[in-house]
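# show me the folded form of this:
(chains A and B)
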Amino acid sequence: VKFDQPAGQNPIDQLKVIGHPVDRIDGALKTTGTATYAYEQSAVAPNAAYGYILPAGIAKGRIASIDLTRANDAPGVLTIITHENAGKIDKGNFYVARALAGPDVDHYHQAVAVVVAETFEQARAAANLIRLEYVRAPGVYDLAAQKDTAPAPTRGGFGPPPENRVGDFEAAFASAPVKVDQTYTTPDQTHAMMEPHAAIAVWEGDTLTCYTSVQMMNWSARDLARTLGINRSNVRVVAPYVGGGFGGKTTILADAVMASLAARAVGRPVKVALQRAMMMNNTSHRPATIQRIRLAATPDGTLTAIGHESWSGNMAGGGPEASTIPTRLLYASPNRMTRLRLATLDLPEGSSMRAPGETPGMMALEIAMDEMAEKLGLDPVEFRILNDTQIVPGTATRPPSTDPQSTANTQPDGPGQPFSIRQFVKCLRTGADTFGWNGRNPKPGQTRQGQWLIGHGVASAIRGGPVMPCAARVRLSQQGVVTVETDMTDIGTGSYTIIAQTAAEMMGVALEKVVVRLGDSSFPVSPGAAGQWGAASVTAAVYAACMTLREAVAKSVGVTGADVTFAEGHVEAGGRRVPLADAATPSELVAEERMEYGDLARRFAMHTFGAHFVEVAVHAFTGETRVRRWVAVCAAGRILNPKLARSQVMGGITMGIGGALTEELAVDKRAGFFVNHDLAGYEVPVHADIPRMEIIFLDEVDPYVSPLKAKGVGELGICGAAAAVANAIYNATGIRVREYPITIDKLIDQLST
Amino acid sequence: MVLEPSMRDETNDTSPELTTDEAALLEQMPTLTGVGQTRRQFLGQTIAGSLGVFALDLIAQQDALAALPPSADAVFAQQALAQEMLKLTLDINGTARALEIDPRVVLLDALRERLQLTGTKKGCDQGQCGACTVLVDGKRVLSCLTLAASVEGRQVTTIEGLANGEQLHPMQAAFIKHDGFQCGYCTSGQICSAVGMLAEARRGDVSHVTADVGAAAPELTDHEIRERMSGNICRCGAYPGIVAAIQEVHSGKQAARTWQFAEPAQLARVRKEDRDAAV
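Numbers count the residues shown, from 1 in each chain, chains lettered A, B, ... in the order given. Model (predicted):
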């Protein structure tokens, strides 16, 4: 099925189930502890042995020798796998880092060995008996030191090409009457999802089944097969419940590879979990950035030049953090320049973390906008509204290519690429109205309550709202139960629930009559939970499969015509009303479809928009920042389930608050690793850090996206959230901090008591 | 070493669980008579509140020790000892469960790997995240820092033991209603912690943010709930839903809905300057 025309009226628009704030259908399982995560699939592998990974203790160098003598003799040990006996191991298509070190060590805490024993305690104890000798090699760990020599990357990371020019940025900036030219830094961040990476591997002959915690089933099966050098058709990956991902579980990691190697070696299932303390250095992270932003404006507040350069680092073969993505789209300006630079570092791999590109980019851009508004003497909300654009900047005419070295993409001639829908200004205005923005004192450092300085900040939010090809299968049983199968995952996103709502709406059955089965690579292929595309993509596939199932039902019961309706568990047409279950007699009906897309996404830019309004209190003596109040307004197409969408947005904002105030992987620039590699040292927000939040959705539909007219919201909330806090801190204190996170030490010297 | 936050007895006697330093501190504390709780309870709370720091110190010590080249003989001696199996009977959710285990097994792994009670989650295995929280004699305990052998003779309640048959515990139902979770991995710990925390509040235990430590029973504001639940991390960021769920179970107060579609009146106010396109 191909979606190549804007959606018209369709059965979803009944909104009997879609759009309602129904509870999660997996709620009872998750609140009673009966949802089974990767390491908990003991029913399929009751005799599993335990694998325990020994991680590398150096960042770069070579393993000179491995002495397994004592470890092999330790009680319960079945085998120990290292590079010396693992055989050939390849890599998957997504992550760059190798799962197993040896003889070279590529990054700190790269797996060196997996010890397999009868019990977890035995494997752990034996791992401590392995004696390793390393030869260290000098490494490069300091992004700032590499900045001036970092070259342009060959690809743009999770975004468009690494350079982009419109008009003549340099000339426009040089001659502008009002300018901002500042440099901002964002630190390395870690996903810190609650469920550690874990896997159980089960071999039956040449066939491998791996129960593991991943976001993309299809990529995981592909990458596990490639890594092990076996046929893709011999690999099945299963992940019905995933304890958070945030981009850190995009595909398989060392746990799955080590479990698979170990299980093959010992001839029985093996389970492996990454220890929490090795997750930060063993797996991927959001890379640190240095960003220079230059804004130029006329005194009336019209932006005339926008320049955004971003430097990040990665291991060889890795991509850049594409911080400049939002800068190309958010504000109008005739002259623009964005540029990425990528240093090669010997730190662990940088990769996708919730809204890669937009998150760090907006952390910088939205402070710069606040700085410019203040220079202009304009209200920061009004300044943003003044520079809204209804076409993608730079698409109206072909940009002149003055630089022969430039890798800038060329845009077509024409009136410019419109957004499918862009209610960004309405987000700002609705938020300002709800928050009471008019009561804010624009002069910083003026509002005091006892020992607390009070400040208010605003920031915009933008995040792509893409849709990807996706397949789903629906079954109608003789009991009238509709079962949906797709390899989409639910990593906390609410996929189970919105898929059930879609099927219930389409087939005219109660939510209780829908069963959803996810997270199995043997099911029809989905794009997985990532990139904020999951919700839109999978519901469109379920829609397509249900349309086919409806035809099969009508044919089966012999009703025809345009007026066939599906409601209350019945199919009705021409005065005939038949229970849906009757259509599945004598055997169940099955329909499977893959939804694909035409050129709408090329004709229209599809994005989600929002605005954050926040009140902070900064302690006048200690510099402690408390977030006290939050209003966010989101425009993201049809909201499939406002209760769950609200949780997604709040979750993004919460991670944004962490990014603003506490989250930073501290780099040991001599030894080359992240020092604070556990949940005590890497401070994610806790209950006491997070206030009540008000989340407002614009009642919007976007017919250019899919038949559901819906876009995802999982990554919109984090975009701009940290900058809103930073701007509020400035308003409270008059101190402009451009280096995240905004910790006490960056404020306390400048607090005037 | 006992790493649970609560005290076993509620007398003012110093207990063998306290180190010499702790006992001396306890003696130096002013007597808090008639202020709603014994000083032992207060100390228990204080220790519970500082467990993160406490655990951090422990881990720092462990890291420092791990950095030293271990005496292989010492490790072997430990190994040999570890193969002595312990026979235990644990009271889990009201059922006697017989176990023969390695003495190194912590309660968390006993539940998950030996008893197939996988509702209790391993989030960090080092006392930093709260996902493994269970109730021992009704009090919150981090099962990853509790040796299984140390809870023999005590009542262990896990997430699997809260519901009454098909009837969910009110806290479980409230978590669903308020969407107090997303991925679900911290949820068992959050719910067990919430149940234990409400019992602490009923008992009159104060917290770091209690304004009036003399009150017989501190008012359990949202602020108090957030403080007392801060040992349970939720990376999905479901905190407002969790607080609403706990508050509703505690006080019966319905939390105000925290999402909405923009109201027509609201939009009318902002429409006058609206430049947005609507397709």
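
# who is A:R136 paired with across the strands?
Taking DSSP bridges as the rule, A:R136 bridges to A:G61.

# that one: neighbour count?
For A:R136, the count of nearby residues is 13 (other Cβ atoms under 10 Å in any protein chain shown). Glycine gets a C-beta too; all of them are placed from N, C-alpha and C.

# isn't it right up against A:I63?
No. At 11.0 Å, A:R136 does not count as touching A:I63 under the criterion of Cβ atoms under 8 Å.

# residue of chain B with the smallest distance to chain A?
B:G119 (1.8 Å; Cβ to the nearest Cβ).

# how close does A:R131 sit to B:C234?
In this view, A:R131 and B:C234 are 40 Å apart by Cβ to Cβ, to the nearest Å.

# neighbour count winner among these two?
B:C234 (32 against 13).

# excluding chain neighbours, what is closest to that one?
B:C186 (4.7 Å; Cβ to Cβ, 6 or more residues apart in numbering or on different chains).

# with B:P103 instead?
B:P103's closest residue in space is B:L86 (Cβ to Cβ, 6+ apart), at 5.1 Å.

# what ranges of chain B fall below the confidence cut-off?
B:1-83, B:256-259, B:266-279 (pLDDT under 70).

# which stretches of it form helices?
B:20-28, B:39-49, B:51-67, B:72-82, B:107-109, B:170-177, B:187-202, B:222-228, B:239-251, B:264-271 (DSSP state H).

# quick one: the fifth one near chain A?
What that stands for is helix B:107-109. Yes. Helix B:107-109 reaches chain A (Cβ under 8 Å from any Cβ of the partner chain) through B:D109.

# in that helix, what's buried?
B:L107, B:L108, B:D109 (16 or more other Cβ atoms under 10 Å in any protein chain shown).

# can you name the residue of the stretch 651-753 of chain A nearest chain B?
Closest point on the stretch 651-753 of chain A to chain B, by Cβ to the nearest Cβ, is A:T654, at 3.0 Å.

# how about the residues of the stretch 401-550 of chain A by chain B?
Checking the stretch 401-550 of chain A against chain B by Cβ under 8 Å from any Cβ, the hits are A:418-426, A:429-430, A:432-434, A:491-494.

# wait, A:V1 sits on A:E593?
Yes. Between A:V1 and A:E593 there is a contact at 5.2 Å, judged by Cβ under 8 Å.

# in a strand, that's where A:R339 is, yeah?
Yes. Applying DSSP: H, G, I helix; E, B strand; the rest coil, one finds A:R339 inside a strand.

# and the closest residue to it other than its chain neighbours, how far is that from A:R286?
Using Cβ to Cβ, 6+ apart and skipping residues adjacent in sequence, the residue nearest A:R339 is A:E309, 4.6 Å away. The gap separating A:E309 from A:R286 is 18 Å, by Cβ to Cβ.

# for A:F173, pull up the helix or strand it's in.
When elements are assigned from DSSP states H and E, A:F173 belongs to helix A:169-174.

# where's the residue in the stretch 301-450 of chain A positioned nearest to chain B, which helix or strand?
Closest contact between the stretch 301-450 of chain A and chain B, by Cβ to the nearest Cβ, is at A:R429 (3.5 Å). In this structure, A:R429 sits in helix A:424-435 according to DSSP H and E.

# quick one: mean pLDDT for the very next helix or strand once past that helix?
From helix A:424-435 onward toward the C-terminus, using DSSP H and E, the following helix or strand is strand A:448-449. Mean per-residue pLDDT for strand A:448-449: 96.

# the helix or strand following strand A:448-449 packs against which elements?
The helix or strand immediately downstream of strand A:448-449 is strand A:452-464, counting by DSSP H and E. If you count contacts as 3 or more Cβ pairs under 8 Å, 6 or more residues apart in numbering or on different chains; DSSP states H and E, strand A:452-464 packs onto helix A:358-376, helix A:380-386, helix A:424-435, strand A:607-619, strand A:625-635, helix A:721-733.
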